[in-house]
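Q: Have a look; sequence and predicted model below, questions after that.
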Amino acid sequence: MLGSVLRDENGQIVVWVALSLLLLVLFTAMTVDMGVIYMQKAKLANAVDAAAITGVKDYSSQGQQGAQNLATGMFQANYGSTSPNLTYEWCPNAMDANCGTALSLTVHATSYVPTRFMEVLPQWAQWQLGAASTATRSNLVMTIVLDRSASMCGGSNTCPFYITYGGDSGGQALQSAVPTFVNNFVNGVDYIGVVSFSANGTVDVPITTNFKTAIDNDVAAMTFQGDTFGGGAGTNSCTGTCLTYDGPPLNMADNQNNSVTLGANQPETKVVVYFTDGLMNTIQDWFHCGGAGNSALTLLNYGGTDPIESNYCPAGLILDPTQPFNPFACVFETYTGSYLNGFYYDSSGDVCRDASNNPVTTFPSQQYLTQKTFLQTSITKETQWRAITTANAMRSESPVPTYIFTIGLGNAVSGSVATEAFLSTLANDPNGPSNYSGAVYNSSLPAGLFLVVPDCPSATCTQELTTAFQTIAAKILLRLTQ
């Protein structure tokens, strides 16, 4: 009797052990297979993310089909050689009223993962995985600020008649590089405009979504002459025509960008791309030029001069900011920069004298909060200070700050550590070369990028400038998809 009971219990133990082993194998199999499935799921999600970002980033330069091809390649590079079913949904899409106006791409992927242990059950022989990712490209609001001063000339098609020797040929390089640059962006979606400067500043192409033809035509028609009024107003107020025609270029660029109003919940990235081949040497202020009994103020640009203009204006110039540059309007009376009899401010020979009928011999310095004598070194320092002050104010704007990218061309930039330091600071570049002695980076404000194109004039000038603009385009496109 006892033997029978023991045999029954032994038989039950064998059964339970067998069942336990079977369950252990099944759980192990499920753990291994499910682990592989979850790993593939994460890999699929990462690959779809990369594909969506790539497609949106390359849409403007490659078109929709080209962008999809690159997105597929990026997916395969991240997921592996297998090619699951990929579908693409683009916005804007006239067929989808809910699509929105911001450029975006949704990538859907379906993949099948074979199991090793669970395949004993036919319905679990492979596991279907799905993933989707949407990348939205921010609306680009950008003003390109271009130097058209006399030192940019070089060749009969860019030099004005009064220039007897060539500049650095930057004009020809610019006329090639800018159309290539703007071609990276989406006509009808992005907002882009152009401000240019020499001895005065102008809004050449008001910011618009139909920018490509307008910018191409504007740059092709540029004449390079005058000095370098390329800065900002600093802490001065800048209103009215100051923001649209005759004001400091950085303020006009900021006004152009801020004139764009997007719909609710539309992502926006504001950018200024600033190009020059030299150091800013001209600023703008209001002066009392009427003499005794006349309280009227006259807006004047003053400073100069670019080396290429020195035969005509060896000590500098004063001019009406609303008028084109006149190469014969040199008004500095002595090489010391002093205006013993007041300086001329119009073509009639009128001279600036204050209310006491004394000659105007100083300018108001924002940097030092005092009057400074008209000396080119003082004007140059003031110009830099106002430009950086304006740029930092643009970077501090809320809710959308401005990213500033700068390009310096030619040996007037690359041959001057001080100029490189200034342009690096203007961009707030955190990674400027170590020789930028004096460059200042503010980590609390948006970081930009400063690039140098040293070889102008030369056979490589145009290609180097094009590469610099394309490098900035890549930075902008990356930021638009972050």
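A: Arrived safely, thanks for sending.

Q: what helix or strand is residue 105 on?
A: Per DSSP states H and E: residue 105 is located in strand 104-114.

Q: next structured bit after that strand?
A: Per DSSP H and E, the helix or strand that comes after strand 104-114 is strand 126-136.

Q: Show residues contacting the strand holding residue 105.
A: With contacts defined as C-beta atoms under 8 Å, 6 or more residues apart in numbering, strand 104-114 is touched by 36-37, 40, 44, 47-48, 51-52, 55-56, 59, 67, 71, 75, 79, 82, 84-91, 125-137. Yep, even glycine has a C-beta here, placed from its N, CA and C like the rest.

Q: Put the buried members of these into a ChimeraX selection.
A: Burial among the contacts of strand 104-114 is assessed by 16 or more other C-beta atoms under 10 Å; the matching ChimeraX selection reads:
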select :37,40,44,47,48,51,52,55,56,59,67,71,75,79,84,86,88,90,91,127,129,131,133,135,136,137
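
Q: Which parts of this protein are helices?
A: Here the chain has its helices, by DSSP state H, at 2-57, 59-79, 170-182, 212-220, 249-258, 376-395, 411-414, 417-427, 461-480.

Q: what's the closest of these to residue 266?
A: helix 461-480 (12.7 Å; C-beta to C-beta).

Q: Residue 87 versus residue 275, what's the distance?
A: Residue 275 sits 42 Å away from residue 87 when distances are taken as C-beta to C-beta, to the nearest Å.

Q: got it, and residue 412?
A: To residue 87, residue 412 is 53 Å away according to C-beta to C-beta.

Q: shaky segments in this structure?
A: By pLDDT under 70, the low-scoring segments of the chain are 1-36, 81-83, 94-101, 115-126, 155-167, 291-293, 304-350, 433-437, 482.

Q: Which parts of it belong to which domain?
A: The chain breaks down by automatic domain parsing into domains covering 2-136, 139-282+364-480.

Q: need the ones you listed in TSV with distance to residue 351, can you?
A: Shown next, in TSV, are these (distance: least, C-beta to C-beta, whole Å):
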stretch	distance to residue 351
domain 2-136	54
domain 139-282+364-480	14
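
Q: Reformat the helices of the chain as TSV; add distance to residue 202.
A: Shown next, in TSV, are the helices of the chain (distance: least, C-beta to C-beta, whole Å):
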stretch	distance to residue 202
helix 2-57	33
helix 59-79	27
helix 170-182	16
helix 212-220	10
helix 249-258	8
helix 376-395	17
helix 411-414	23
helix 417-427	20
helix 461-480	21
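
Q: Just name the most buried of these.
A: Neighbour counts (mean count of other C-beta atoms under 10 Å) averaged over each of the helices of the chain peak at helix 249-258, with a mean of 26.

Q: helices or strands next to that one in the packing?
A: strand 139-147, strand 191-197, strand 201-208, strand 268-276, helix 376-395 (3 or more C-beta pairs under 8 Å, 6 or more residues apart in numbering; DSSP states H and E).

Q: residues in contact with that helix?
A: 141-143, 145, 193, 195-197, 201-203, 206-207, 229-233, 238, 242-244, 270-272, 274, 387, 390-391, 394, 397, 402.

Q: Quick check: PyMOL command selecting the buried ones in these.
A: Those of the contacts of helix 249-258 that count as buried under 16+ other C-beta under 10 Å are selected in PyMOL with:
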select buried, resi 141+142+143+145+193+195+196+197+201+202+203+207+229+230+231+232+233+238+242+243+244+270+271+272+274+387+390+391+394+402
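
Q: residue contacts, residue 273?
A: Here residue 273 is in contact with 142, 143, 144, 145, 181, 404, 405, 406, 407, 469, 472 (C-beta under 8 Å, 6+ apart).

Q: My guess is the fifth one contacts residue 467. True?
A: I take that to be residue 181. No: Residue 181 is not in contact with residue 467 according to C-beta atoms under 8 Å; the separation is 10.6 Å.

Q: for the stretch 301-450 of the chain, what spans make up the strands?
A: 317-319, 362-365, 370-373, 402-409, 449-453 (DSSP state E, counting those that start in this stretch).

Q: Compare those and give me the one nearest residue 216.
A: Nearest to residue 216, of the strands of the stretch 301-450 of the chain and by C-beta to C-beta, is strand 402-409 at 18.8 Å.
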